[in-house]
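Peer 1: Turn this into a model:
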Amino acid sequence: MSSWKRLALAFLLAVMVTCVPACSSSTREGPNLAGVPAGFHYDENMTSGRPVLPQRVQVAQSGWMSLDEPSCSITFTEYSGTTTDAELRAAVAEAARRYRSEDFTPVEPIRIDGRQAWGWIETQTDGGQLASVEYTAVIPYDNVTWAVEYYASNPKLRDPRLQKDLVSSFHYQRSR
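Peer 2: All right, here's what the predicted structure looks like:
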């Protein structure tokens, strides 16, 4: 094999080793998504601007964020205890009353990580123009509840269907 072919192969392998993990689901322990958009970086210290379940104790928060403007983020929040449909709907109704500058779609049941979960969309406008879209899902487990929030002000990432699909890929990687 010629030296330029070896160099090209080495370069290709280097690109694959560094780029492919960022574009696929993570194998680290904890909250994960399949297919995080390019340009997002994981931050184990990331926090959300407001709690999805304010009546619950937050155990941990982390997530993915874009370093580009306009901003985008995917936040994972672990809450103590499981959550009921009534608790969730009360929390969303309170948020809709409190944050009147946002529009909330009705909460819908969905399946995430093989479990019954709930999701909804929040949109915010500025001067009559769409400013941001956020898809949020709440996934109850036996002893904890996870909230996943995908916020996007970047017009290219404000598609609620794509946000829902990504959030629906949530799974919790447990240590073996």
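Peer 1: ok, residues contacting stretch 124-133?
Peer 2: With CB atoms under 8 Å, 6 or more residues apart in numbering as the test, stretch 124-133 has contacts from 101-103, 121-123, 151-153, 158-160, 163. Yep, even glycine has a C-beta here, placed from its N, CA and C like the rest.
Peer 1: Among the residues you listed, which ones are in helices?
Peer 2: 160, 163 (DSSP state H).
Peer 1: Can you add distance to residue 112 and neighbour count and give the contacts of stretch 124-133 back as a markdown table?
Peer 2: Formatted as a markdown table, those follow (distance: CB to CB, whole Å; neighbours: other CB atoms under 10 Å):
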| residue | distance to residue 112 | neighbour count |
| --- | --- | --- |
| 101 | 28 | 8 |
| 102 | 23 | 16 |
| 103 | 23 | 12 |
| 121 | 15 | 19 |
| 122 | 18 | 20 |
| 123 | 21 | 15 |
| 151 | 18 | 24 |
| 152 | 19 | 23 |
| 153 | 24 | 19 |
| 158 | 21 | 20 |
| 159 | 19 | 14 |
| 160 | 16 | 18 |
| 163 | 13 | 24 |
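Peer 1: so which of the contacts of stretch 124-133 comes closest to residue 55?
Peer 2: Set against residue 55, the nearest of the contacts of stretch 124-133 by CB to CB is residue 122 (18.8 Å).
Peer 1: in terms of contact, does the closest one touch residue 104 like I think?
Peer 2: Yes - using CB atoms under 8 Å, residue 122 is in contact with residue 104, at 5.4 Å.
Peer 1: And the most centrally placed residue in the chain, how far from residue 90?
Peer 2: For the chain, residue 74 is the residue whose C-alpha lies nearest the centre (CA atoms, centre = their mean; 3.4 Å). Separation of residue 74 from residue 90 (CB to CB, to the nearest Å) stands at 25 Å.
Peer 1: now do residue 64
Peer 2: From residue 64 to residue 90 the distance is 28 Å (CB to CB).
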